[in-house]
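Participant: prediction below, plus the sequence it came from.
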Amino acid sequence: MSKIQKDVPLKNYSNYKIGGNASYFLDVRTKEDLIEGLREWRQRGENKEIFILGGGTNILISDDGFDGLIIHCSIKGIELNGEELTVGAGESIWDIDKFLVEKSLSGMEWSGGLPGTIGGAVRGNAGAFSGETKDIVSRVQSIDLETLEEKERDNKDCEFSYRNSIFKKNGDKELILSVTLSLRKGERDEIEERTLRNVQYRQERHPLEYPNIGSTFKNIPWDNVPEDLKVHWKVYLKDDPFPVVPVAKIIALAGLKGTTVGEAMVSDKHTNFIVNLGGAKASDVKGVIEEVKDKVKDKFGVNLEEEVMYLN
Ligand SMILES: Cc1cc2nc3c(=O)[nH]c(=O)nc-3n(C[C@H](O)[C@H](O)[C@H](O)COP(=O)(O)OP(=O)(O)OC[C@H]3O[C@@H](n4cnc5c(N)ncnc54)[C@H](O)[C@@H]3O)c2cc1C
């Protein structure tokens, strides 16, 4: 039986609930699924791109979908060995967090409320509340999609840096199969309290009632702030982990709260989120992104850069 499905609606795999169809789609629950699926893909002889999808929490998928093969990583499994945890790359961060609370293991509380999978978090070195994925990763097991060669890297070999890793730098040629995390014993109640505090912080400040893909733009590096604005924007300065001005503040200052194109809108609650009010198209979101970039550039002379990724 064919492992590869055709014409699969990607909006069902996007946190935004936006996106057209994938021409080809392979759901992968095990390494063997992946290997068999890739063999089948080769036999088809399609000379098309491959893209790995995790939780779809950071990607704006085109209305035209993706004319290639989407590999959806659903590899699950959590295995505990002392204070080390090996998890399938498709495990959600939230399920891992809950497991760690149950087992009184500390080190990952910063990720409370971070959406997506551990595979996506490793690839982009996701971080929040002064923590980063790199702080807890001890080894990453992956497979090269071209050669099917399996690799295991230690933390250093993952070449983590700010929202970056070897997997991203290599051009996403490898699928992360599993990740080994290093934690330490702690007090269950304290771990739970710290994790839930971060969940609550997000619930209070982020427009989670609407489909979204998190922060749209990167915070503005202090070095990119025009000299004449530094005196006014100094009050907003924060470490992230280098000096930045939170872009949400600047979008609000530009009067862009509530900017709407079609069914996509700059959130009132957090101006760096563009929410899907219901039936937003990717083109609506792109319209809002362009309007925000143009107005911020006109008003302050600052170029905003997207944090979200595009899948076209
Ligand atoms: C409400 C909200 C809040 C957010 N807050 C934060 C935050 O505080 N900090 C932060 O860093 N991010 C944040 N994000 C962004 C997002 O949650 C993270 O980037 C997350 O780690 C992405 O994981 P994912 O599984 O959804 O990846 P996806 O969005 O599916 O994919 C992202 C990238 O990872 C790759 N990828 C996914 N799985 C694998 C795999 N198994 N092997 C290889 N490559 C893979 C994909 O190819 C793609 O290039 C937020 C998003 C939302 C919606």
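Facilitator: On my side now, so go ahead. The structure displayed is predicted, hence computed values, not measured ones. Numbering: from 1, shown residues only.
Participant: could you report the pLDDT at P241?
Facilitator: Listed pLDDT for P241 reads 77.
Participant: how much space between it and the ligand?
Facilitator: Summarising the geometry, the distance separating P241 from the ligand, computed by CB to the nearest ligand atom, to the nearest Å, is 12 Å. The C-beta positions use only the backbone N, C-alpha and C, and glycine is treated the same way.
Participant: look up which helix or strand the nearest residue to Y13 once chain neighbours are set aside falls in, please.
Facilitator: Ranked by CB to CB, 6 or more residues apart in numbering and with sequence neighbours excluded, the top spatial neighbour of Y13 is G56, at 4.8 Å. Using DSSP states H and E, G56 maps to neither a helix nor a strand.
Participant: run a quick neighbour tally on G56.
Facilitator: By the measure other CB atoms under 10 Å, the count of residues near G56 is 26.
Participant: can I assume it is in contact with N12?
Facilitator: No. Shown here, G56 and N12 do not form a contact pair, counting by CB atoms under 8 Å, at 9.0 Å.
Participant: so what are the sheet partners of the least confident helix or strand in the chain by mean pLDDT and their directions?
Facilitator: Least confident helix or strand, the chain: strand 238-239 with a mean of 89, by mean pLDDT, DSSP states H and E. Taking DSSP bridges as the criterion, strand 238-239 pairs within the sheet with strand 243-245 (antiparallel).
Participant: tell me which residues of the strand it pairs with come out buried.
Facilitator: For strand 243-245, the buried set under the neighbour-count rule, 16 or more other CB atoms under 10 Å, comprises V244, V245.
Participant: please apply the same query to stretch 304-312.
Facilitator: Buried residues in stretch 304-312, counted by 16+ other CB under 10 Å: L304, E307, V308, L311.
Participant: could I get the residues you listed as JSON lines with pLDDT, distance to the ligand and secondary structure?
Facilitator: Written out in JSON lines, the entries for the buried residues of stretch 304-312 read as follows (pLDDT from 0 to 100; distance: CB to the nearest ligand atom, whole Å; DSSP: H, G, I helix; E, B strand; the rest coil):
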{"residue": "L304", "pLDDT": "97", "distance to the ligand": "17", "secondary structure": "coil"}
{"residue": "E307", "pLDDT": "94", "distance to the ligand": "8", "secondary structure": "coil"}
{"residue": "V308", "pLDDT": "95", "distance to the ligand": "8", "secondary structure": "coil"}
{"residue": "L311", "pLDDT": "97", "distance to the ligand": "8", "secondary structure": "strand"}
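Participant: widest-spaced pair of those residues?
Facilitator: For those, the farthest-apart pair by CB to CB is L304 and L311; their separation is 20.2 Å.
Participant: what's the neighbour count on K257?
Facilitator: Burial measure for K257: 16 neighbouring residues, criterion other CB under 10 Å.
Participant: let me see the contact set for it.
Facilitator: When the contact criterion is CB atoms under 8 Å, 6 or more residues apart in numbering, the partners of K257 are I251, V266, S267, D268, T271.
Participant: surely the last one is in contact with I251?
Facilitator: Yes. Judged on CB under 8 Å, T271 makes contact with I251 at a distance of 4.2 Å.
Participant: which parts of the protein sit against the ligand?
Facilitator: Taking CB under 6 Å from any ligand atom as the contact definition, the chain meets the ligand at 15, 52-59, 73, 89, 114-117, 119-121, 123-124, 126-128, 167, 172, 175-176, 206, 212-214, 309.
Participant: give me the most central residue, this protein.
Facilitator: For the chain, the residue whose C-alpha lies nearest the mean C-alpha position (CA atoms, centre = their mean) is N58; its distance is 4.0 Å.
Participant: got the contact list for that residue?
Facilitator: So, once contact is read as CB under 8 Å, 6+ apart, N58 ends up touching G116, G120, G124, I213, G214, E307, V308, M309.
Participant: and with 6 Å instead?
Facilitator: I213, M309 (CB atoms under 6 Å, 6 or more residues apart in numbering).
Participant: how far away is it from S14?
Facilitator: Computed as CB to CB, to the nearest Å, the N58 to S14 distance reads 10 Å.
Participant: swap in N224?
Facilitator: Distance of N224 to S14, computed by CB to CB: 30 Å.
Participant: higher neighbour count, those two?
Facilitator: Counted by other CB under 10 Å, N224 and S14 do not tie: S14 has more neighbours, with 23 against 13.
Participant: surely the more buried one is in contact with G56?
Facilitator: Yes. Between S14 and G56 there is a contact under CB atoms under 6 Å: 4.2 Å.
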